[in-house]
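[1] test case, fold it:
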Amino acid sequence: MVKNNCGILFVGAFDLLDDNNIAASAAGNQVQLEILDCLENIGAVFSNKDVQSVSLKQIRTWPFGPFLWPGFRGPRLYMPPFINLAGLKRFLFSFFLFFLLLLRRPDVIFKYNITAVEAFALLIYRKINRSAVLVAIIQDVHYSKNNSFGIRNFLELLAMKLVSKFDILIPISEKIGIDFSFSPNKTRVFRGGLTRQGRCLLSGRGDDISHYAVFAGALVPYNGIDVLIRKWTSENIDMDLHIFGKGVSESAVRDAASKNPRIIFHGFRPEEEISHWQKKALINFCLRYSEGIEAGYFFPSKLYNIICAPGAVVANNFEGFPSELSNSCLMLADDLSDFSQKIEKARNSTELISMRNSRRKWIEENGNWNSVVREIFEGLSLKSRRG
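    Numbering: from 1, shown residues only. Reported below is the predicted structural model:
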């Protein structure tokens with residue numbers, strides 16, 4: 001249960017469970033659990049107080065989900081109740097969050113992604129408790145320059161304007177900081193890092209590879225699933241492609257699987273099952289396109305999972321792709337014109353072991369949420385001593 005006078009409060013949209021009825025993004029859920037673990041292991045040492053978390057339950061809005069979410073209280077997590085209507089539930093969550101802040105009076109608040117109403121609630125709280133520190137971890141920004149007059153765009157822009165007033169900003173790309181005028185003095189770009197699933201995949205051995213490919217992620221055009229299934233069929237790839245996920249392109253995937261026996265659709269499956277398939281796959285895919293999103297405002301956190309797997313990583317050179325990984329992944333042209341050649345290279349390359357070792361070395365040195373959390377608290381501790 002959430003306790004009084006907590007030192008650190010983590011606010012997100014995640015669940016402690018991992019099944020197909022919970023988080024809208026399985027990868028995003030993993031990232032938030034990783035951050036919470038880091039706060040509990042590192043932040044508590046610096047604050048000498050409890051670390052608590054508050055989350056907006058991720059369920060489909062009514063009428064596709066329940067009309068009322070009754071709420072949840074547990075030892076690590078509090079989920080406030082809300083009426084499950086689009087737009088209203090975010091407002092109600094922010095209302096509960098504000099009064100929870102007044103009741104618990106945390107010293108440091110970490111917010112994972114943010115809406116305008118949430119940012120407003122947190123800034124009002126800091127006006128009341130002037131010693132409070134606001135930290136924003138920004139992994140997704142839903143602003144599009146091509147639709148600048150839409151209401152969603154306006155609210156997203158307002159959220160970024162408000163969050164720029166926070167004390168510490170951790171955007172996933174430099175582009176976010178530049179486009180929304182974040183102060184460089186309080187901005188630390190971090191593209192993401194290892195999660196529980198990535199550590200599981202690190203245990204995979206190269207001598208246990210099977211001759212198949214895996215795509216795991218949201219089935220939406222910006223993840224490249226539509227072009228992938230078209231290429232798999234049109235180029236008659238002689239290998240099984242196992243697809244995991246859910247999304248607006250699911251019907252297209254099901255149709256392709258019904259016509260092509262080399263495409264196998266599993267639906268949205270638990271993390272452990274997906275890891276089992278990825279750990280033995282010859283190829284794991286990570287694609288990203290600017291289809292309805294600004295690619296520079298997002299980063300596919302699943303990349304940090306599959307670069308830990310023993311098989312080949314096949315990706316396109318999307319905006320923000322770490323240049324240090326280009327030589328240890330098989331990089332596709334955006335239009336996938338070299339698709340067959342890259343598949344054949346994955347089958348026959350003698351460099352896969354060295355590429356795997358290079359990727360794993362990079363992620364262990366650069367993709368660590370612990371280092372970011374520690375850096376934040378060391379900075380706060382130094383600032384406190386100076387003040």
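
[2] what residue ranges in the stretch 51-200 of the chain score low on pLDDT?
    For the stretch 51-200 of the chain, the stretches with pLDDT under 70 are 146-149.

[3] which residues in it form strands?
    For the stretch 51-200 of the chain, the strands defined by DSSP state E, counting those that start in this stretch occupy 51-55, 68-69, 72-73, 78-79, 82-83, 108-112, 133-138, 168-171.

[4] T187: how many residues sit nearby?
    By other C-beta atoms under 10 Å, 18 other residues sit near T187. The way it works is simple: take the backbone N, C-alpha and C, and place the C-beta from them, glycine included.

[5] so it sits right up against P171, yeah?
    Yes. T187 is within contact range of P171, at 6.6 Å (criterion: C-beta atoms under 8 Å).

[6] what's the overlap in contacts for the two?
    Taking C-beta atoms under 8 Å, 6 or more residues apart in numbering as the criterion, T187 and P171 both touch G177.

[7] list the contacts of S340.
    By C-beta under 8 Å, 6+ apart, the contact set of S340 is E235, I237.

[8] measure it to S234 for me?
    10 Å (C-beta to C-beta, to the nearest Å).

[9] doesn't V11 belong to a strand?
    Yes. Note on V11: a strand contains this position according to DSSP: H, G, I helix; E, B strand; the rest coil.

[10] tell me the bridge partners for L332.
    Beta-bridge partners for L332, by DSSP bridges, are N316.

[11] report how many residues lie close to it.
    Counted with other C-beta under 10 Å, L332 comes out at 22.

[12] so it makes contact with K342?
    Yes. Using C-beta under 8 Å, L332 is in contact with K342, at 5.7 Å.

[13] shared neighbours of the two, which are they?
    Residues within reach of L332 and of K342 at once, by C-beta under 8 Å, 6+ apart, are V314.

[14] beta partners for the closest residue to K57 other than its chain neighbours?
    Counting by C-beta to C-beta, 6 or more residues apart in numbering, K57 lies nearest to M79, which is 4.8 Å off, once chain neighbours are set aside. M79 has these beta-bridge partners by DSSP bridges: F72.

[15] cool, and the one 4 residues further on?
    Each beta-bridge partner of I83 is listed here, defined by DSSP bridges: L68.

[16] distance of it relative to S354?
    For I83, the distance to S354 - C-beta to C-beta - is 55 Å.

[17] ditto for N153
    N153 sits 45 Å away from S354, going by C-beta to C-beta.

[18] so the two - more neighbours on which side?
    Legend: neighbour count by other C-beta under 10 Å for N153 and S354, higher for N153 (16 against 12).

[19] ok, that one touching S144?
    Yes. Counting by C-beta under 8 Å, N153 does reach S144; the two are 6.1 Å apart.

[20] roughly how far apart are the residue lying closest to I124 once chain neighbours are set aside and R126?
    If the residues on either side of it in the chain are set aside, I124 comes closest to F98, at 6.8 Å by C-beta to C-beta, 6+ apart. Counting by C-beta to C-beta, the gap from F98 to R126 is 11 Å.

[21] cool, P300 as well?
    According to C-beta to C-beta, P300 and R126 sit 32 Å apart.

[22] give me the more crowded residue out of these two.
    P300 (23 against 17).

[23] spit out the contact partners of the more buried one.
    A27, G217, N223, C286, R288, F318.

[24] out of these, who's the most crowded?
    That'd be G217 among these, by other C-beta under 10 Å, with 28 neighbours.

[25] related to what we said a few turns ago, quick check, nearest of the contacts of P300 to H211?
    For the contacts of P300, the closest approach to H211 (C-beta to C-beta) belongs to C286, at 19.7 Å.

[26] would you map the helices across the stretch 1-150 of the chain?
    Remark: helices assigned in the stretch 1-150 of the chain by DSSP state H, counting those that start in this stretch are 26-38, 44-47, 88-104, 116-128.

[27] show me the domain layout of this protein.
    The record's domain split for the chain, according to automatic domain parsing, is 8-193+368-386, 197-366.

[28] roughly how far does N357 sit from K345?
    Distance of N357 to K345, computed by C-beta to C-beta: 17 Å.

[29] that should have said L352, apologies.
    According to C-beta to C-beta, L352 stands 9 Å off from K345.

[30] higher neighbour count, the two?
    Remark: of L352 and K345, L352 carries more neighbours, 21 against 15, as counted by other C-beta under 10 Å.
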